[in-house]
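> Below are the sequence and a predicted model; questions follow.
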Amino acid sequence: MPTGGGKSLCYQIPALLFDGLTVVVSPLISLMKDQVEQLESSGVKAVCLNSSIPFHEYQQNVDLIKQGEVKLLYLAPETLLKPRTQTLLSEINVDCLTIDEAHCISEWGHDFRPEYRQISGLRSSRTIGKDAVCLALTATATPRVQRDIRKNLELDDSGTIIASFDRKNLFLEIAEKQVPFEQTLHFLDQHRGQSGIIYCFSRRQVDELTMDLADQGYSVRPYHAGLSETERTENQEAFIRDDADIMVATIAFGMGINKPDVRFVIHYDLPQNIESYYQQIGRAGRDGLRSDCLLLFGYSDIGKINYFINQKSPEEQKVARAHLDSLLHFVESTDCRRIPLMDYFGETYQDDGCDMCDNCVNEDSEKQDLTIPAQKFLSCIVRTGELFGSNHLIDVLRGSQAQKVLKHSHDHLSTYGIGRDLSKRQWVRLSRQLIHEGYVSQDPEYGSLKLESAATDILKGEKKIFGSVGEKKVGKSGRQSGSSFQQDLDYDDTLFELLRKKRKYLADGEQLPPYAIFPDATLMEMAAYFPQSEESLLHIYGVGAAKQEKYGSRFLKLIRDYCDEYGIKERPKRVRTRPVRKSGRRRHHQVGDSFNKGQSIEELTRQFSVKPGTIIQHLEKYSLEGNPLRMDGITEALTLSQEQQDLVLKVFEKEGNEMLRPAYDALDESVSYDELRLMRLYQRISESD
Ligand SMILES: [Zn+2]
C-alpha cells in the first residue's frame, strides 16, 4: 500500500474490536511516538516500549499492559526480542501481532534489519499470542521482497493484499525550469500559510534557497546532513508543530515524518529516479485532502545527472541510465501523468484521465502541427553527419555565428538559419519530443543525435507530428480543480484561520502537533457548517466522542462568538453525493468501437496521437466492462514469438496477472509491459470465447 494509503488503520480498527492486545513492531521511534499521541487524543489507550523511554514511564506502561488497560502496544524489534518483554507478553492475551515496515525483514529490501528476521522465531515458537493474527505491512515491496516476507513469516499467498499505488488527492505538475526562484515564489504565493517541503539537490542549494525565501518573508527552515543533530531535530520539530511553514531539504529529510497536512512538495531539482520522486511526493496529503506536487524540470539537469552517471562502474551505469530513462519518459509524457507513473509500478491506470495532473487539466490546449519544424530539425541532423548534440543543431538552425558553427563551416549548409521562427527553448522542447517519441536517439555519453528509422516517414512527409512547443505556466491549475471533497466545500476563510490559531494554541499547551488535535478537514467543515451545538459538532468530520469532550467546548465557543458577530446561522450538514461525471462518450469506448470496426492498434495510436500502451490500456478497460474485442486485432499487434507467448502464459499462471509487475520481474524484464498487457487481453478474450 502506498505511503499515506492508510496502513495504520488496517490494524488500529481491528485493535479496537479485539478483546486482547495488538502488538505493533515498528523500527522508527519517532513514528511510534506520533502514533501513540494521535491514538491517545482520539481516546484510544496506546503505549510504546523502547529504549528512549525513561525508566519510571517504562514501568508505568508495563503495569498498564498487565492490567489489560492498553489496546495497542508499539515496540521496537530490539525490545520485542528481550526476554523480559517476551515474559510479559506470554502472560497476557495478545490477539494481533503487526509488523510495520515489513520490508525490513528482507535482505532484498532497501532497509534490512537483522532483528526483524528473528520475529518469525517468536511466532513459530508461539511465545506470543498462540492464536494471534499476524499482519505484515509495507509501502515498498518489490515482488521479491514480498516473497521474502511471506516466507519468513510463514504467511501464505491467499492473505496477500496489494493496494493501488495511486494517490488520487495529489495534483501532479511538471513545469520547465526557467527562472526557478520566480517560479517557486509564484507557486508559494498560492499556498500561503500552508505546510510544504521543497527538495533540492545539494546542501548549498538548500541553504541558499532557505535564505532567499526568508528574505521574502516566508517562514522557512533548512534540513540537510550538514547541520548538527540538534539543529535538524529543532527544525523538524518546528515544521511538525506548524511553527515553520516550509522545510527546504535534501533527500535526507522525510523518513519518519508523518505530518498529515503537508499541502505541497516542490522538486526544485530533478529527483534521482521515479521511486524516490514517488516516495517524496508521498509525504504530501496524507490526510486525504488535495495537495500539490510541482517538479521543476530543467534540461540542463539531465546533463548534470549524466555527468554523475559517467563516474560510476559500467554495471551501475546501466541501472542508473535505465532509471533516468524511466524518469524522462514520465517527465516528458503528454498523457495523463498517472499512466507512466502507475505503469512503472506495474499497475495499469484504468481511468480516462485523472483531472488531477497538468496534462489532464491542459488537455484541451491545442496541439500544433509540428511536422515542418520537425523536418527542419531532422534534416539538420543529417546534414551535420549525425555527430552533434541539440545545442549545436539549434545554433545552426537559428543561424548563429558561434565559433563552433563557423569552424565546421555549418553556416554554408542549406539548413543554416532556416529555424529563426522558433526560440532556442522551443527548439529544445521539439528535440526532446523527437527523442521521446523514438524518431531520434541520443548518444548517452556524447549527447550526439542520430536518426531512427521512424524519422524517414516524417522527412518524406508521409507522417505528421503533433505537439506543443509553447511554454507551460506554473500553477495554472490553481485551486479550482480537483477531486477531493474540500474543493466544493465553501468555507469561511476568516473563521478557518481563527480555528487554526485556536488549534495551535491548544496544541502548544499540550505539547502536541496541531494535527493531533483536529485535522484541517475538520476545521474546514466547522468553517463551512458553523455548528452551534454539541450535537451538530458531532456530525463534523473527525469529531468523535473523545475529542468532543476534550476540545468541543473551546471550538464551539469560538464558532458561536464568530457567528454572533457576523450574524451567521448554522448550516445543516447533509450527506454529500458524488458529482456525476460529465456525460459524453468516453475515450475507451471510442477506441474500443473503432478497433472492433477494423482499425489496428497502430492506426489508433496515430489517430489519437498517443502511445500504443495508452491504446492497449483503453482496450483493456473496454474489455473489462464486458465488451467483446476482435481477437485478430490483438494477435496482429503481438510481436512475441510463439515460444515467448507460451512462456508469458505460464508465468501468468504462476504469478497471476492482476498486477503485471510480478510477471515482468519473473521474466527478467525481457517482455515489455505493453506486450504483457496484450497477452493478458489475449488470455481474457480466449477464456471468454
Ligand atoms: Zn492525469
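Okay, I see it.
> And the residue nearest the centre of the chain, how far from the ion?
Computing the C-alpha centroid of the chain and ranking residues by Cα atoms, centre = their mean puts residue 278 first, at 3.7 Å. Distance from residue 278 to the ion, counting by Cβ to the ion, to the nearest Å: 15 Å. Quick note: C-beta positions are derived from backbone N, CA and C, even for glycine.
> Please renumber the chain so that the first residue is 296 from this point on.
In the new count, where the first residue is 296, that last one comes out as residue 573.
> Kindly report the residues of the stretch 646-795 of the chain close to the ion.
649, 652, 655 (Cβ under 5 Å from the ion).
> interface residues of the chain facing the ion?
Near the ion, when you scan the chain using Cβ under 5 Å from the ion, you find 631, 649, 652, 655.
> just checking, which of those residues belong to helices?
Among the residues of the chain next to the ion, the members found in helices (DSSP state H) are residue 655.
> rewinding a little: just the buried ones out of the residues of the stretch 646-795 of the chain next to the ion, please.
Among those, the ones that count as buried by 16 or more other Cβ atoms under 10 Å are 649, 652, 655.
> Using a markdown table, lay out those residues together with distance to residue 300 and pLDDT.
Formatted as a markdown table, those follow (distance: Cβ to Cβ, whole Å; pLDDT from 0 to 100):
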| residue | distance to residue 300 | pLDDT |
| --- | --- | --- |
| 649 | 16 | 85 |
| 652 | 19 | 92 |
| 655 | 22 | 85 |
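> Could you tell me which ranges of the stretch 496-645 of the chain sit under the pLDDT cut-off?
550-551 (pLDDT under 70).
> Would you map the strands across it?
Remark: strands assigned in the stretch 496-645 of the chain by DSSP state E, counting those that start in this stretch are 515-518, 541-544, 557-562, 586-592.
> Residue 396: what's it in contact with?
321, 322, 323, 406, 432, 433 (Cβ atoms under 8 Å, 6 or more residues apart in numbering).
> quick one: which of the residues you listed has the most company?
For the contacts of residue 396, the largest number of neighbours (other Cβ atoms under 10 Å) sits with residue 321, at 23 neighbours.
> For the strands of the stretch 496-645 of the chain, state which one has the densest average packing.
With neighbours defined as mean count of other Cβ atoms under 10 Å, the strands of the stretch 496-645 of the chain peak in mean count at strand 541-544, which reaches a mean of 27.
> Can you tell me the number of residues neighbouring the residue nearest to the residue nearest to the centre of the chain when sequence neighbours are not counted?
The spatially closest residue to residue 573, leaving aside those adjacent along the chain, is residue 636, at 7.1 Å (Cβ to Cβ, 6 or more residues apart in numbering). By the measure other Cβ under 10 Å, the count of residues near residue 636 is 23.
> swap in residue 510?
The burial count for residue 510: 9, using other Cβ under 10 Å.
> what's near enough to touch the closest residue to the ion within the stretch 446-595 of the chain?
Closest residue of the stretch 446-595 of the chain to the ion, Cβ to the ion: residue 467 (7.2 Å). Neighbouring residues of residue 467 by Cβ under 8 Å, 6+ apart: 576, 588, 632, 633, 636, 651, 652, 653.
> hmm, try it at 10 Å
572, 576, 587-590, 625, 631-633, 636, 649, 651-655, 772 (Cβ atoms under 10 Å, 6 or more residues apart in numbering).
> next one: residue 298
Contacts of residue 298 by Cβ under 10 Å, 6+ apart are 434-435, 460, 462, 549, 553, 573-579, 581.
> On the pLDDT front, check it for me.
Per-residue pLDDT puts residue 298 at 72.
> Equivalent analysis for the one 3 residues further on, please.
pLDDT, residue 301: 80.
> Stretch 678-686: end-to-end distance?
15 Å (Cα to Cα, to the nearest Å).
> whoops, stretch 949-969 was the one
20 Å.
> how close does residue 920 get to the ion?
20 Å.
> Tell me if I'm right that that residue and residue 913 touch.
No. With contact defined as Cβ atoms under 10 Å, residue 920 does not count as touching residue 913 (11.1 Å).
> For those two, work out which one has more neighbours and name it.
A count of neighbours by other Cβ under 10 Å puts residue 913 above the other of residue 920 and residue 913, at 24 against 11.
> which ones are touching that one?
645, 647, 881-887, 890, 896, 899, 903, 905.
> Serialize the residues you listed to a markdown table and add fields for secondary structure.
Formatted as a markdown table, the contacts of residue 913 follow (DSSP: H, G, I helix; E, B strand; the rest coil):
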| residue | secondary structure |
| --- | --- |
| 645 | coil |
| 647 | coil |
| 881 | coil |
| 882 | helix |
| 883 | helix |
| 884 | helix |
| 885 | helix |
| 886 | helix |
| 887 | helix |
| 890 | helix |
| 896 | helix |
| 899 | helix |
| 903 | coil |
| 905 | coil |
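> which of those residues count as buried?
647, 881, 882, 883, 884, 886, 887, 890, 896, 899, 905.
> wait, which of these is closest to residue 743?
residue 905 (29.0 Å; Cβ to Cβ).
> Buried ones in stretch 815-830, by neighbour count?
For stretch 815-830, by 16+ other Cβ under 10 Å, it's 815-827.
> Please work out the average pLDDT along that stretch.
Here the average pLDDT along stretch 815-830 is 92.
> what distance separates it from the centre of its chain?
30 Å (Cα atoms, centre = their mean, to the nearest Å).
> what do you get for stretch 960-977?
That offset, for stretch 960-977, works out to 24 Å (Cα atoms, centre = their mean).
> what pLDDT, on average, does that stretch get?
Per-residue scores along stretch 960-977 average to 89.
> Can you give me the end-to-end span of it?
20 Å.
> May I have the beta-bridge partners of residue 467?
residue 588, residue 652 (DSSP bridges).
> Look up how far residue 593 lies from it.
18 Å (Cβ to Cβ, to the nearest Å).
> Could you break the chain into its assigned domains?
304-447, 465-660, 663-762, 784-861, 882-983 (automatic domain parsing).
> Could you check how far the third one is from the centre of its chain?
What separates the centre of domain 663-762 from the centre of its chain is 34 Å, taken as Cα atoms, centre = their mean.
> Repeat that for the longest one.
Per Cα atoms, centre = their mean, the displacement of domain 465-660 from the mean C-alpha position of its chain is 10 Å.
> How many neighbouring residues does residue 599 have?
Counted with other Cβ under 10 Å, residues neighbouring residue 599 total 13.
> Before I go, just wanted to say thanks for your time.
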